[in-house]
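K.L.:
Fold the stuff below for me.
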Amino acid sequence: MATPNYGYEKRQKELAKKRKKEDKLREKAHRKTGTGGEGEGDASSEGNGDNASQNPPAPAQP
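P.N.:
Here you go, the predicted model:
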């Protein structure tokens, strides 16, 4: 049986923390500039750090 790779797990947790922190700072800067007044749709995907930066937002329906 293979042994767990704790170093890899730790690195993944650190990267997730870093990504989440960057997202929070980006949202804070976005709010500070005053351009995020129309709903803030990114708040729902905040907990999903893996896919948040890979999936672009869906286009608005008329």
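K.L.:
quick one: buried residues of the helix or strand harbouring residue 24?
P.N.:
Taking DSSP states H and E as the definition, one finds residue 24 inside helix 6-33. The neighbour-count criterion (16 or more other CB atoms under 10 Å) identifies residue 23 as the buried residues of helix 6-33. In this view, the C-beta of every residue, glycine as well, is placed from N, C-alpha and C.
K.L.:
For it, enumerate the helices and strands it packs against.
P.N.:
helix 49-52 (3 or more CB pairs under 8 Å, 6 or more residues apart in numbering; DSSP states H and E).
K.L.:
can you tell me the average pLDDT over the helix it packs on?
P.N.:
Helix 49-52 shows a mean pLDDT of 52 in the predicted model.
K.L.:
before we move on, what about stretch 10-23?
P.N.:
Stretch 10-23 comes out at a mean pLDDT of 98.
K.L.:
before we move on, what SS does residue 4 have?
P.N.:
Under DSSP: H, G, I helix; E, B strand; the rest coil, residue 4 falls in the coil class.
K.L.:
Can you read off the pLDDT for residue 29?
P.N.:
At residue 29, pLDDT is 92.
K.L.:
Next up, the contacts around residue 34.
P.N.:
By CB atoms under 8 Å, 6 or more residues apart in numbering, residue 34 lies in contact with nothing.
K.L.:
Number the residues from 719 up from this point.
P.N.:
Noted, 719 is the first residue going forward, which turns the last one into residue 752.
K.L.:
And it, how far from residue 730?
P.N.:
Using CB to CB, to the nearest Å, we find residue 752 at a distance of 35 Å from residue 730.
K.L.:
Please apply the same query to residue 724.
P.N.:
Taken as CB to CB, the span from residue 724 to residue 730 is 11 Å.
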